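Engineer: need a 3D model of the following:
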Amino acid sequence: MTAQTTAAAARIAPALTRWQQGIGAGDLDRIASAFTTDALFQGLRPEHSIGRAGVVEYYASQPVPLTVEYDVLRAHDLGDDAVVAYLGAVFHLEGREDVATHLTLVFDHSADDLLISHYHVSRVN
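Structural biologist: Residues are numbered from 1 along each chain as shown. The predicted structure is shown next:
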């Protein structure tokens, strides 16, 4: 990891931790709290959503239990108030094959935190 990626990854760690812990606990409100209120969210479905309600609806439809492990592969500041990140993430579904993905995320400053404002996932085959 470059020094630039390490510094940017530290800035986005609180939101990613909330997202990861929320998924593991099945806590939809905790997952949604990692996103801005107007987040553009594209999961592994054809349609996208805008806002936390879409994030909640997406994760509510996922099999339980679900966990995720991720690595920040690249991240850099887009300015004082924004970070773009590229992650490798593996979603673990009990009794099913793991789902390996790449995530492209944009984080924007919201209140005292950087939150996910854009989420796009693609399956890695």
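
Engineer: so residue 68: helix, strand or coil?
Structural biologist: Three-state assignment for residue 68 (DSSP: H, G, I helix; E, B strand; the rest coil): strand.

Engineer: that one contacts residue 90, correct?
Structural biologist: Yes: Residue 68 lies in contact with residue 90 (Cβ atoms under 8 Å); the separation is 6.9 Å. (Each C-beta comes from the backbone N, C-alpha and C, glycine too.)

Engineer: low-confidence ranges in the protein?
Structural biologist: 1 (pLDDT under 70).

Engineer: quick one on the thing from earlier: the more surrounded of residue 68 and residue 90?
Structural biologist: residue 68 (20 against 14; other Cβ atoms under 10 Å).

Engineer: so the more buried one versus residue 59, what's the distance?
Structural biologist: As judged by Cβ to Cβ, to the nearest Å, residue 68 and residue 59 stand 11 Å apart.

Engineer: which residues do the two both contact?
Structural biologist: Residues touching both residue 68 and residue 59 (Cβ atoms under 8 Å, 6 or more residues apart in numbering): residue 23.

Engineer: contacting residues for residue 67?
Structural biologist: 23-24, 91-92.

Engineer: recalculate using a threshold of 7 Å.
Structural biologist: With contact taken as Cβ atoms under 7 Å, 6 or more residues apart in numbering, residue 67 is in contact with 23-24, 92.
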